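Novice: The following block contains a protein sequence and its predicted model.
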Amino acid sequence: MIFTGVLDSSLNRPKLSPYASWNPNAITFTNMTIMSSSPYAIFINTNNTIYVPDRTRKRILVWANNNTQPTRNISIDSSGVVSIFVTQNDDIYINAPSPSYGVQKWQTDSVQMMYSCSDCYGIFIDIDNNLYCSIKNMHQVVKKSIRTASNALTIVAGTGSVGSTAATLNDPYGIFVDDNFDLYVADNRNNRIQLFSLNQLNGTTVTQTIALYHPIAVVLDADKYLFIVDSGNNRIIGSGPNGFRCVAACSGNGSASNLLFSPWSIAFDSYGNIYVTDRQNVRIQKFILLNNINREFIELIELIYFCICL
């Protein structure tokens, strides 16, 4: 069974049960035999095509049709790429190298889509074709429409000054915008995930019940539950109706199949499997979804068992 993502989105947002679990021993999807340097960014579209920037060789590696080897190499200056987003028509957006900064789009050639004074450490395109950039060094998130050539930017989070209040950020990294245009920000040095509702510049901390250490990426499933790369703790955190829990790499850092070392980004495929760029281990780990049993099914089984016992 394939889980479909949100309508009109190129991202996978699988429907997951509160009882979902993943194999603690990951499969290495790719490593330094294919990539020439530590992986930072990854993107997986709803067709399960996987995009990974290879920074040293200045190219984007593409895996399609469940291949274990790259099916395409795209030559592009990806030497400083830390974030990537791919649209349904295969437009690739990456943070632009110095001195341009901002965001570049690549299809047959590169086009500057957004200018900024510093690197975009997170890129996202919402379902209304707004392009978002988290400017780490400016401690804010900005957006613009990709329907216009204008570089007029709208500030959607952060004041431009470092801080830990509801209105300020401290080194924002990964971002995610849901279908209600709510913005989630991995507020790295404040050790929290901030939620900024549409047109609201005061954020709400949605991770108050768990201690994070330098969270660096956040994604949502179909029910708007969060999955977080808790980079400083070298683990993946998930949320659900019962709160937060560790779902992968829960025993510290290392190079074993059940461990990560300085993970950077996360992506779901359409089956609910989790891919993580394991930066210091120079590999991408795939945590296989083991079960996705829902509460109603478990309650039905328990009822049947109870009736049989009577």
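Specialist: Looks like it came in fine. Residues are numbered from 1 along each chain as shown.

Novice: Give me the below-cutoff pLDDT ranges for this protein.
Specialist: 1-8, 293-310 (pLDDT under 70).

Novice: can you pull out the helices in it?
Specialist: Ranges of helices in the chain, per DSSP state H, are 295-309.

Novice: and stretch 267-274, which residues are buried?
Specialist: 267-270, 272-274 (16 or more other CB atoms under 10 Å). Placement of C-beta: from N, CA and C, glycine included.

Novice: scratch that, stretch 238-255 is what I was asking about
Specialist: Neighbour count says stretch 238-255 has 238-240, 244, 247-250, 253 buried, by 16+ other CB under 10 Å.

Novice: Need the buried residues of stretch 267-274 in CSV (columns: distance to residue 148).
Specialist: Formatted as CSV, the buried residues of stretch 267-274 follow (distance: CB to CB, whole Å):
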residue, distance to residue 148
267, 29
268, 31
269, 33
270, 32
272, 36
273, 37
274, 36
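
Novice: Closest to residue 158 out of those residues?
Specialist: Ranked by distance to residue 158 (CB to CB), the buried residues of stretch 267-274 are led by residue 267 at 24.8 Å.

Novice: what pairs with the closest residue to that closest one other than its chain neighbours across the strands?
Specialist: Excluding its sequence neighbours, the residue lying closest to residue 267 (CB to CB, 6 or more residues apart in numbering) is residue 44, at 4.4 Å. Beta-bridge partners of residue 44, counted by DSSP bridges, are residue 50.

Novice: burial count for residue 44?
Specialist: Residue 44: 23 surrounding residues under other CB atoms under 10 Å.

Novice: Just confirm it contacts residue 62, I think it does.
Specialist: No - using CB atoms under 8 Å as the test, residue 44 is too far from residue 62 to be in contact (10.9 Å).

Novice: List the residues that are in contact with both of the two.
Specialist: Listed as contacting both residue 44 and residue 62 by CB atoms under 8 Å, 6 or more residues apart in numbering are 50-51.

Novice: just to revisit the earlier point, would you point out the most distant pair within the buried residues of stretch 267-274?
Specialist: Spanning the widest gap among the buried residues of stretch 267-274 are 270 and 274, at 12.3 Å by CB to CB.

Novice: hang on, the earlier thing: and the buried residues of stretch 238-255 as JSON lines, adding distance to residue 93?
Specialist: Listed next are these as JSON lines, based on distance: CB to CB, whole Å:
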{"residue": "238", "distance to residue 93": "26"}
{"residue": "239", "distance to residue 93": "27"}
{"residue": "240", "distance to residue 93": "30"}
{"residue": "244", "distance to residue 93": "30"}
{"residue": "247", "distance to residue 93": "28"}
{"residue": "248", "distance to residue 93": "27"}
{"residue": "249", "distance to residue 93": "28"}
{"residue": "250", "distance to residue 93": "33"}
{"residue": "253", "distance to residue 93": "31"}
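
Novice: Could you list which of these belong to strands?
Specialist: Secondary structure from DSSP state E places 238-240, 244, 247-248 of these in strands.

Novice: Let me know the closest of those to residue 134.
Specialist: residue 239 (20.7 Å).
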